[in-house]
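Peer 1: Need coordinates for the below:
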Amino acid sequence: MRTAMTTHFLTPTATVLLAITAMPARAGEPFVLWDPDRPVPKSAEASLIQDARFAVIKPRRPEQDGYNWLQGAALVRHKGIFYCSFGHNRGNENTASEEARGAISSDGGTTWGELFTIDDGNEPDLAVSHGVFLSHASGLWSFQGSFYGRMQRIHTRAYLLDEAAGKWINKGVVVEKGFWPMQQPRKMGDGNWIMAGITVVRGYGGTDDPAAVAISRGDDFTRWDVVAIPKPPEMEMWGESTVVVDGQDVLNIARFREPVALAAASNDYGRTWSEIRRTNLPMAASKPYSGVLSTGQRYLVATTTADSGNRRRPLTIAVSRPGAKVFSKIYRIRDAVCDGPGESNPKLSLSYPYAVEYDGSLYVVYSNDGGRGANRNSCELAILPVGNLAAE
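Peer 2: Okay, here's the model as predicted:
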């Protein structure tokens with residue numbers, strides 16, 4: 001996806017939107033992610049995206065395959081083939097039986113084949129779970145969140161696909177300090193790559209789990225430096241995060257325990273950050289995903305309607321005008337109740353999105369729990385025409 005801003009002839013209104021830097025003028029004010037001159041729409045007021053297409057990548061079928069839990073789908077197109085990965089567990093989430101698995105589509109995401117395994121853990125008490133992809137040069141990389149026991153000693157492992165053999169080559173532990181990746185690496189203007197995620201230093205159940213980024217050393221994907229984003233000492237957060245890269249400026253948007261997005265800014269390629277704070281955009285407490293479309297529009301996939309609270313429905317995408325730094329339009333990608341394909345239930349949760357753009361379409365993978373709870377999910381795909389994501 002393109003990260004450079006496109007030059008446009010601007011109306012006076014558009015110039016005002018571009019001038020909003022998303023940073024508050026005074027301490028204590030919300031970080032501005034949403035156009036303050038527009039009300040955030042309620043779910044019923046947000047437009048449903050037209051001409052979206054849907055597919056089911058992995059339906060939940062424990063009676064057939066024995067897997068109870070699925071979460072954290074990632075997606076990439078590599079040499080014309082779509083790869084989707086996710087964390088899979090025969091037991092409950094956040095336990096040592098998690099595996100990194102996935103599926104392949106050769107027809108643009110319409111149908112998906114047999115599952116493959118990236119790593120099912122080859123050490124006692126080791127879990128290798130969900131992660132992110134990077135297609136770079138001729139290689140396909142996968143970076144997987146991993147841990148021991150009950151979410152202890154969290155770290156990231158890297159894998160490189162041996163395409164001839166159809167196997168993933170384990171490159172070992174490449175990021176430590178409790179870092180779990182949540183977004184595909186993005187190339188920055190200084191030649192390094194930035195990968196957004198979370199740091200879980202004290203293990204599952206702690207209160208100090210800030211948003212973080214990992215920064216590569218050029219194109220060496222086996223060595224990354226972790227930068228935890230500063231937060232107020234009293235703030236309790238589960239900092240799953242995503243970034244928007246704009247030259248040397250990087251915006252981090254993170255999950256909070258309350259139904260509001262958190263954000264912080266860097267002006268030096270992610271090396272130092274402002275203290276993270278609440279924004280003026282409501283967002284359910286779930287992993288967000290952001291980027292920049294080929295139109296120059298910023299986007300954020302999550303649940304960001306005014307009345308959703310912490311319900312993970314509907315799944316939405318907030319977009320900006322081309323070149324603008326604030327979101328000004330919210331579309332519904334999918335409602336809880338729909339005609340399918342995919343599960344439909346008025347109380348289901350749609351969560352943990354991941355998005356990539358190819359050939360004028362934004363491909364969004366996400367989890368659907370069918371109303372069961374406990375992240376006993378199916379994995380589904382929405383294909384959105386980028387041309388239908390205009391902002392006001």
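Peer 1: Count the neighbours of His78 for me.
Peer 2: Number of residues near His78 (other CB atoms under 10 Å) recorded here: 18. Any C-beta I mention is one placed from the backbone N, CA and C, and that applies to glycine too.
Peer 1: what's the answer for the one 3 residues further on, then?
Peer 2: Under the neighbour criterion other CB under 10 Å, Ile81 is assigned a count of 14.
Peer 1: my read: it touches Gly108, true?
Peer 2: No: with contacts counted by CB atoms under 8 Å, Ile81 stays clear of Gly108, the gap being 9.9 Å.
Peer 1: need the contact list for Ile154.
Peer 2: 145-147, 178-180, 200, 203 (CB atoms under 8 Å, 6 or more residues apart in numbering).
Peer 1: Name the SS class of it, please.
Peer 2: strand (DSSP: H, G, I helix; E, B strand; the rest coil).
Peer 1: Enumerate every residue touching the closest residue to Pro36 other than its chain neighbours.
Peer 2: Spatial nearest neighbour of Pro36, chain neighbours left out: Asn280 (6.4 Å); criterion: CB to CB, 6 or more residues apart in numbering. Going by CB under 8 Å, 6+ apart, Asn280 touches 30-34, 36.
Peer 1: Glu240 and Ala127, how far apart?
Peer 2: Counting by CB to CB, to the nearest Å, the gap from Glu240 to Ala127 is 17 Å.
Peer 1: neighbour count winner among those two?
Peer 2: Each of Glu240 and Ala127 has its neighbours counted (other CB under 10 Å); Ala127 has more, 27 against 24.
Peer 1: The one helix or strand Val319 maps to - contacts with which helices or strands?
Peer 2: Using DSSP states H and E, Val319 sits in strand 315-320. When contacts are defined as 3 or more CB pairs under 8 Å, 6 or more residues apart in numbering; DSSP states H and E, strand 315-320 packs onto strand 298-302, strand 327-334, strand 350-358, strand 361-368.
Peer 1: Out of those, the one nearest Gly247 is which?
Peer 2: strand 298-302 (13.6 Å; CB to CB).
Peer 1: measure the residue sitting nearest the centre point of the chain to Thr111 for me?
Peer 2: The centre of the chain sits closest to Tyr289, judged by CA atoms, centre = their mean, with a distance of 3.4 Å. Using CB to CB, Tyr289 is found at 24 Å from Thr111.
Peer 1: again, but for Tyr83
Peer 2: 14 Å.
Peer 1: and those two? which has more neighbours close in?
Peer 2: Ranked by neighbour count (other CB under 10 Å), Tyr83 and Thr111 place Tyr83 first, with 20 against 12.
Peer 1: Quick one: residues contacting that one.
Peer 2: If you count contacts by CB under 8 Å, 6+ apart, Tyr83 has them with 75-77, 102-104, 133, 140.
Peer 1: give me the beta-bridge partners of the residue nearest to the centre of the chain?
Peer 2: Val301 (DSSP bridges).
Peer 1: In this model Tyr354 seems to touch it, though I could be wrong.
Peer 2: Yes: if you go by CB under 8 Å, Tyr289 and Tyr354 touch, sitting 5.5 Å apart.
Peer 1: how deep is the nearest residue to Arg77 once chain neighbours are set aside tucked in, by neighbour count?
Peer 2: In space, and not counting its chain neighbours, Arg77 is closest to Tyr358: 5.4 Å by CB to CB, 6+ apart. Applying other CB under 10 Å, we find 17 other residues in the vicinity of Tyr358.
Peer 1: Likewise for the one 3 residues further on?
Peer 2: Here the count is done by other CB under 10 Å, and Ser361 has 20 residues near it.
Peer 1: what's the spacing between it and Thr111?
Peer 2: From Ser361 to Thr111 the distance is 17 Å (CB to CB).
Peer 1: got it, and Asn280?
Peer 2: As judged by CB to CB, Asn280 and Thr111 stand 42 Å apart.
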